[in-house]
Structure formats: structure tokens, C-alpha cells
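Peer 1: Quick one, structure for this:
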Amino acid sequence: MKILEVDKTQPFVNNHNIDARRIYDYNHGQIIHMTLHPGESLKPHTTPVDVAFYILEGSGLVEIGDESAPVNPGACIESPKDIPHRLINNTDKPFKFLVIKMPK
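Peer 2: Next up, the predicted model:
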């Protein structure tokens, strides 16, 4: 059994300059725990695979293609491959979510 505790893993350097931690990383899938502090956001980008975002804590805004919507804990958002997307923390509290890529 392998158990990873997010707070005990090290953030990795990423293009968004945010707190991102790999908590599951295999060829068949990847899960990244991300924290956006107030005022932070992902840079608009695309991925070569479908992605799901699962909101853990806080609230924010998600943009996928030409659409945008507020999101709260418990929401799962689908983001198709090759479509620009990003998440934005437009609040005064941390915004935490999982990025799930299957396959990686």
C-alpha cells in the first residue's frame, strides 16, 4: 500500500508558478493537487488529453474555451483535450483542486 499525504509532498516547478504537487503519477494516469492563493490563476493552456478538475476547497472561476463559470467544493469539471482552459482564484481564500488526467 502506498499512501501520500499532500502536505508532506514537495511542490514541483511548473509553468504557472503555483503550488502544484503530484500525488499520483503513472503512465496510465496522473493526479495533481493544486492550490491557487488569492489573486492567482493558471495560465490559459491546452492539454493533449482530456482533463477533469475536482474542487476540494474554496471557490473560483473556471474557463474552458469560450465558457466560464463559478465553481465550489464538490464540483467536477470536464475539460476536453486541445481546448484552452484555466482556473482562477478571484476570492480572498485559498482555492484547492485536483487535476486528473487519464491517460497521462
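Peer 1: buried set for stretch 31-50?
Peer 2: Along stretch 31-50, these residues count as buried under the neighbour rule (16 or more other C-beta atoms under 10 Å): 31-36, 40-42. Every C-beta, even on glycine, is put in place using the N, C-alpha and C of the backbone.
Peer 1: first vs last residue of that stretch, how far apart are they?
Peer 2: 13 Å (C-alpha to C-alpha, to the nearest Å).
Peer 1: that older thread, if you look at the buried residues of stretch 31-50, which of them are in strands?
Peer 2: Within those, residues falling in strands by DSSP state E are 31-36.
Peer 1: picking that back up, check the buried residues of stretch 31-50 against Cys76 and report the nearest one.
Peer 2: Set against Cys76, the nearest of the buried residues of stretch 31-50 by C-beta to C-beta is Ile31 (12.8 Å).
Peer 1: which residues does that closest one bridge with?
Peer 2: On the basis of DSSP bridges, Ile31 is bridged to Tyr24, Ile100.
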